[in-house]
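K.L.:
task: produce atomic coordinates for the following.
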Amino acid sequence: MVASAQANLFASAAAGVCALWGPLHGGANQWVIEMLADIHRAGDDGSRFIKAAKDKNSGKRLMGFGHRVYRNYDPRARIIKQTCDELLKTLKISDPLLDIAHRMEAAALSDPYFIERKLYPNVDFYSGIILRALRIPVEMFTVIFAIGRMAGWIANFKEILDDPKARIYRPRQVYTGPTLTSYVPLDARGE
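P.N.:
Next comes the predicted model:
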């Protein structure tokens with residue numbers, strides 16, 4: 001969007017980074033690690049947390065499960081889980097969080113509650129454990145996430161720049177507010 005306004009590469013890439021600042025994108029693998037660490041500190045093997053996650057009133061959310069695009073199973077999750085297992089084995093790391101993650105995944109994949117809702121592990125469920133094994137500080141996880149996307153952002157910038165017919169991208173705008181409102185003068189409100 002920013003590149004289509006003919007902003008330079010730095011501003012366009014910075015906009016991509018800034019989009020990760022909000023809580024709805026980026027940071028999911030950090031939340032998974034924090035969830036697994038909380039479960040571990042509580043002395044849970046994940047089974048109590050899985051039970052609580054099914055209770056809407058518990059306030060517990062199962063992080064790293066489900067995806068907006070991959071409605072059934074995130075195909076990247078299978079690959080990254082295998083990579084995670086191989087990396088920790090190669091580095092000779094025994095991570096109790098990985099053990100909890102394995103138990104939680106197995107429990108969720110066999111539980112009708114999660115199956116009916118198509119809540120399967122996504123790529124973020126194991127990526128945080130990989131970054132942890134590589135000793136990347138948790139607060140840097142989103143930075144690593146952004147670095148991985150930089151090549152795509154630059155390619156998109158170049159596509160826009162090289163297109164002589166490129167037009168500014170505009171987000172679709174659909175008003176969803178009240179259909180009719182009345183004007184109330186300021187002095188009528190008692191202000």
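
K.L.:
and the residue nearest the centre of the chain, what is it in contact with?
P.N.:
Nearest to the geometric centre of the chain sits A28, at 3.7 Å (Cα atoms, centre = their mean). Taking Cβ atoms under 8 Å, 6 or more residues apart in numbering as the criterion, A28 is in contact with M63, G64, N122, D124. All C-beta atoms are positioned from the backbone trio N, CA, C, and that covers glycine.

K.L.:
list the contacts of the first one.
P.N.:
Applying Cβ under 8 Å, 6+ apart, we find M63 in contact with A28, W31, V32, E34, M35, D124, F125.

K.L.:
now, of the residues you listed, which are buried?
P.N.:
By neighbour count, with 16 or more other Cβ atoms under 10 Å, the contacts of M63 hold A28, W31, V32, M35, D124, F125 as buried.

K.L.:
out of those, list just those in helices.
P.N.:
Using DSSP state H, the subset of these located in helices is A28, W31, V32, M35, D124, F125.

K.L.:
which other helices and strands does the longest helix seen in the chain contact?
P.N.:
As assigned by DSSP H, the longest helix anywhere in the chain is helix 141-162. Secondary-structure packing of helix 141-162 (3 or more Cβ pairs under 8 Å, 6 or more residues apart in numbering; DSSP states H and E): helix 9-19, helix 28-41, helix 123-133.

K.L.:
looking at the longest one now, give me its mean pLDDT.
P.N.:
This points to helix 28-41. Helix 28-41 comes out with an average pLDDT of 93.

K.L.:
let me have the ones in helices among the buried ones among the contacts of M63 in CSV, extended by distance to P96.
P.N.:
Listed next are those as CSV, based on distance: Cβ to Cβ, whole Å:
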residue, distance to P96
A28, 21
W31, 18
V32, 14
M35, 14
D124, 19
F125, 16
